[in-house]
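[1] sequence plus the predicted model coming up.
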Amino acid sequence: MAHVTRRPLNNGVRSASGPSAPDWQGAGGPDSGVLSGQTTTTPGGTRGDASRTDVVQRPPKPASRRERLRLATIDEIKQTARDQLNAHGAAGVSLRAVARTMGLTPSALYRYFDSRDELIAALIADGFRSLADTLEDAFALAPSDDHAKRWLNVTRSYRQWSHEHVTEYMLIFGTLVPDYTPPDTKPCSDMDRAVQVLFRCMAESIGAGLLDPSHFAAELTPTLHAKVGAWREEMGNPIPPEGLAGCLIVWTQLHGFLSLELLGHLPPVMGDASALFDQQMLDVLLRCGYRGPVDFMTDHD
């Protein structure tokens with residue numbers, strides 16, 4: 001399994017200007033190194049954004065001691081809630097139990113989170129943020145001239161993250177939390193970041209002429225084609241409907257495997273399932289119409 005540095009779950013917000021949400025119709029296409037909206041400096045100023053390079057950017061004002069203490073307390077609250085998740089499952093998470101473990105009164109926690117639902121939403125957002133950071137790093141470090149290897153590296157990183165963050169994986173992809181109502185009905189922005197890395201693998205392979213998902217068009221009923229098209233329009237995604245149908249097959253294959261593995265439902269005789277995972281991920285790539293070279297003989301044996 002490819003090594004990926006584990007990131008702590010915290011309050012940090014990472015920019016989404018990396019692999020996520022690319023605009024292939026922007027400056028120079030996917031191989032130019034310049035995405036739409038980026039600023040490129042020239043001797044006469046800039047091109048891309050309308051910002052000027054002669055504007056002095058002041059460093060951000062450091063957080064006050066009070067704010068640092070507040071952020072540290074929020075981190076402790078969330079870590080205590082994760083410990084409860086790990087020990088008792090989603091049903092065992094409560095503000096009262098968190099407060100008791102931290103030696104606080106329940107009312108004190110309401111200074112930081114208005115409700116249990118808000119606390120759980122924060123844990124979910126942290127999980128997606130950590131996953132998105134991991135996938136963006138894997139995409140950036142993978143060879144750009146070998147699309148199959150890059151796809152394998154990204155999915156291996158996805159699997160490694162799920163093994164290192166089982167509690168978070170199960171929270172965001174597993175059993176629904178009892179009596180949980182998301183405070184915000186909009187999708188988590190970091191969830192979009194994570195998914196965009198997988199979309200970019202598909203989009204760049206199509207752009208390079210190495211993947212042709214057009215065969216899925218014959219498999220989509222008119223109703224299903226309309227639904228996929230509506231999803232495409234909602235996201236503003238440049239991948240054609242038949243390509244998005246392939247993305248859904250990839251998504252279910254990836255999470256189906258991880259869920260079976262993490263819950264212990266793969267055949268015990270398989271032991272370490274790394275080689276099986278690689279075979280599954282390369283197989284689904286071919287299923288989507290990948291026409292480039294694929295090496296199934298990975299370095300596991």
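    Nice, I can see it. Residues are numbered from 1 along each chain as shown.
[2] which residues of the stretch 201-301 of the chain score low on pLDDT?
    Where the stretch 201-301 of the chain drops to pLDDT under 70, the residues are 298-301.
[3] 90 instead, please
    Along the stretch 201-301 of the chain, the parts satisfying pLDDT under 90 run over 295-301.
[4] where exactly do the strands run in this structure?
    Secondary structure of the chain (DSSP state E): strands at 40-42, 45-47.
[5] taking the mean pLDDT, what do you get for the first one?
    Average pLDDT, strand 40-42: 40.
[6] for Asp137, the count of nearby residues, please.
    18 (other Cβ atoms under 10 Å). Yep, even glycine has a C-beta here, placed from its N, CA and C like the rest.
[7] I meant Phe199, not that one.
    Applying other Cβ under 10 Å, I find that Phe199 has 22 neighbouring residues.
[8] with Arg116 instead?
    For Arg116, using other Cβ under 10 Å, the count is 20.
[9] isn't it right up against Val93?
    Yes. Under the criterion of Cβ atoms under 8 Å, Arg116 is in contact with Val93, at a separation of 6.7 Å.
[10] and the residue sitting nearest the centre point of the chain, how far is that from Arg150?
    The residue lying closest to the centre of the chain (Cα atoms, centre = their mean) is Ala194, at 2.0 Å. Distance, Ala194 to Arg150, by Cβ to Cβ, to the nearest Å: 16 Å.
[11] what's the answer for Gly292, then?
    Counting by Cβ to Cβ - Gly292 and Arg150 are separated by 11 Å.
[12] kindly report the same for Phe173.
    Phe173 sits at a distance of 23 Å from Arg150 (criterion: Cβ to Cβ).
[13] the more surrounded of these two?
    Per other Cβ under 10 Å, whichever of Phe173 and Arg150 has more neighbours is Arg150, with 21 against 14.
[14] OK, contacts around the more buried one?
    Going by Cβ atoms under 8 Å, 6 or more residues apart in numbering, Arg150 touches 139, 142-144, 201.
[15] quick one: Ala138 and Trp151 touch, right?
    No. With contacts counted by Cβ under 8 Å, Ala138 stays clear of Trp151, the gap being 10.2 Å.
[16] now for the contacts of Arg150, which pair is the farthest apart?
    Distance extremes for those: the farthest pair is Pro143 and Cys201 at 12.6 Å, using Cβ to Cβ.
[17] of the two, who's got more company?
    Neighbour tally, Pro143 and Cys201, criterion other Cβ under 10 Å: the higher count belongs to Cys201, 26 against 10.
[18] what number of residues lie near Leu71?
    For Leu71, using other Cβ under 10 Å, the count is 14.
[19] hmm, it is touching Ile77, no?
    No. Using Cβ under 8 Å, Leu71 is not in contact with Ile77; the gap is 10.7 Å.
[20] tally of neighbours for the closest residue to Leu262 other than its chain neighbours?
    Once flanking residues are discounted, Leu262 sits nearest to Val166: 5.9 Å by Cβ to Cβ, 6 or more residues apart in numbering. Counted with other Cβ under 10 Å, residues neighbouring Val166 total 15.
[21] try Arg291
    Neighbour number of Arg291 under other Cβ under 10 Å is 11.
[22] name all residues that make contact with it.
    210-212.
[23] now, those that are in helices?
    Taking DSSP state H, every one of these sits outside helices.
[24] can I get those in CSV including neighbour count?
    Listed next are those as CSV, based on neighbours: other Cβ atoms under 10 Å:
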residue, neighbour count
Leu210, 17
Leu211, 24
Asp212, 16
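[25] among those residues, which one lies nearest to Phe128?
    Leu211 (26.3 Å).
[26] look up the closest residue to the closest one, ignoring the ones flanking it.
    The nearest residue in space to Leu211 (Cβ to Cβ, 6+ apart) is Ser205, at 3.8 Å.
[27] now Ala97
    Gln84 (6.1 Å).
[28] do Leu285 as well
    Leu285 sits nearest to Trp151 (Cβ to Cβ, 6+ apart), 5.7 Å away.
[29] wait, the one you found sits on Asp283?
    No. The pair Trp151 and Asp283 does not pass the contact test of Cβ under 8 Å, sitting 11.6 Å apart.
[30] these two: who's more crowded?
    Shown here are Trp151 and Asp283; by other Cβ under 10 Å, Trp151 has more neighbours (26 against 13).
[31] distance check, the more buried one against Leu211.
    Taken as Cβ to Cβ, the span from Trp151 to Leu211 is 10 Å.
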